[in-house]
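Q: pasting the sequence and the predicted model now:
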Amino acid sequence: PFSSGNAFGTAVAPAEIPGAANWAANLASPSPDTPATLPDPDEIADLKPLGQVNSSFIVAVNGEGLWIVDQHVAHERVLFEQHLEARRAGKIEAQRMLMPLVIELSPRQIVTFEGIAEELAANGFEVELMGPKSVAIQSVPAGVAAPDAEKLLREILDGIGRENAAISIETLQAKIAASTACHAAIKVNTPLEPSKMEWLLDALAKTDCPMSCPHGRPVLLRYSLREIEKAFHRI
């Protein structure tokens, strides 16, 4: 939802997925033909949206230069931090499925599910064992579309299943929050009204780590005034 209120609560300092905080290390070396640079977080407080490129990237401007924002990963960052804060406060909102969704899981997924079922419930999932190989999804975190329920649950189980059995509760919570945020975030090829773009940029600026999504992908690129002038041979 594009509003000041939301299902996840207010964002404060999140527990990051290990490795994701070092977001610059996840980026390819910049091309010498590309003038864009990666900004500092304190430079995006006053971004003004100008429009979209391909209904996927927000073009914005402020005194620092011209900015390009990936709307999906920007919203993902916002929802990730909100979800973690709501989880710590025990205030995750769930939405019930119109009809329970019964799916078959692999033996490994079943084992993983049984190990994290309590944490899944605390994150808005109501999932019940229906037999040795099946579960019924009754509800999912608010904001996740019903058609994404099965994919989201499998993604979480497969991701956790590859981890060491001694995974910390903080890492477990962060991984669940990251997957949930990804599925709840606005998608690419989604036209946005100016007010929605303004809301998203404002919410992003208030996060603790606006430069990257929870998986380490960059959220923004900046073309500084100097870089623009240099590209046009003004300096």
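A: Right, received. Where do you want to start?
Q: what residues does stretch 94-104 touch?
A: With contact meaning Cβ atoms under 8 Å, 6 or more residues apart in numbering, stretch 94-104 is reached by 124-126, 130, 133-144, 146, 149-150, 153-154. (Glycine included, C-beta is placed from N, CA and C.)
Q: who does A60 bridge with?
A: As for beta bridges, A60 partners with P49, W67 under DSSP bridges.
Q: so who does it touch?
A: Contact analysis of A60 by Cβ under 8 Å, 6+ apart lists 47-50, 66-69, 197, 201.
Q: one more: V219?
A: With contact taken as Cβ under 8 Å, 6+ apart, V219 is in contact with 69-70, 73-74, 77, 204, 210-213.
Q: just the buried residues out of the contacts of stretch 94-104, in ChimeraX syntax.
A: The buried subset of the contacts of stretch 94-104, as determined by 16 or more other Cβ atoms under 10 Å, is captured in ChimeraX by this line:
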select :124,125,135,136,137,138,139,140,141,142,143,144,149,153
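Q: of the contacts of stretch 94-104, which belong to helices?
A: Among the contacts of stretch 94-104, the members falling in helices (DSSP state H) are 149-150, 153-154.
Q: centroid residue for the protein?
A: Nearest to the geometric centre of the chain sits E76, at 2.2 Å (Cα atoms, centre = their mean).
Q: so which strand or helix has that one?
A: helix 71-88 (DSSP states H and E).
Q: so for the helix or strand just after that helix, mean pLDDT?
A: Next helix or strand after helix 71-88 toward the C-terminus (DSSP H and E): strand 94-104. For strand 94-104, mean pLDDT is 95.
Q: could you give me the buried positions within strand 94-104?
A: 94, 101, 103.
Q: same question for stretch 185-203.
A: Result for stretch 185-203 [16+ other Cβ under 10 Å]: buried residues 185-186, 192, 196-201, 203.
Q: got it, and stretch 111-125?
A: Going by 16+ other Cβ under 10 Å, stretch 111-125 has these buried residues: 112-113, 116, 119-120, 123-125.
Q: among those, which two are most distant?
A: For the buried residues of stretch 111-125, the maximum inter-member distance is 17.9 Å, found between T112 and G124 (Cβ to Cβ).
Q: E150 and V144, how far apart?
A: Per Cβ to Cβ, to the nearest Å, E150 is found 11 Å from V144.
Q: actually A89, not the one I wrote
A: Applying Cβ to Cβ to A89 and V144 gives a distance of 19 Å.
Q: with V127 instead?
A: Taking Cβ to Cβ, one finds V127 at 13 Å from V144.
Q: related to what we said a few turns ago, let's have the contacts of V219 in JSON lines, adding neighbour count, pLDDT and distance to L225.
A: Output for the contacts of V219, formatted as JSON lines (neighbours: other Cβ atoms under 10 Å; pLDDT from 0 to 100; distance: Cβ to Cβ, whole Å):
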{"residue": "V69", "neighbour count": "28", "pLDDT": "97", "distance to L225": "18"}
{"residue": "D70", "neighbour count": "19", "pLDDT": "98", "distance to L225": "22"}
{"residue": "V73", "neighbour count": "24", "pLDDT": "97", "distance to L225": "25"}
{"residue": "A74", "neighbour count": "24", "pLDDT": "98", "distance to L225": "23"}
{"residue": "R77", "neighbour count": "29", "pLDDT": "97", "distance to L225": "26"}
{"residue": "L204", "neighbour count": "24", "pLDDT": "97", "distance to L225": "22"}
{"residue": "P210", "neighbour count": "24", "pLDDT": "95", "distance to L225": "21"}
{"residue": "M211", "neighbour count": "18", "pLDDT": "93", "distance to L225": "20"}
{"residue": "S212", "neighbour count": "23", "pLDDT": "93", "distance to L225": "24"}
{"residue": "C213", "neighbour count": "27", "pLDDT": "93", "distance to L225": "27"}
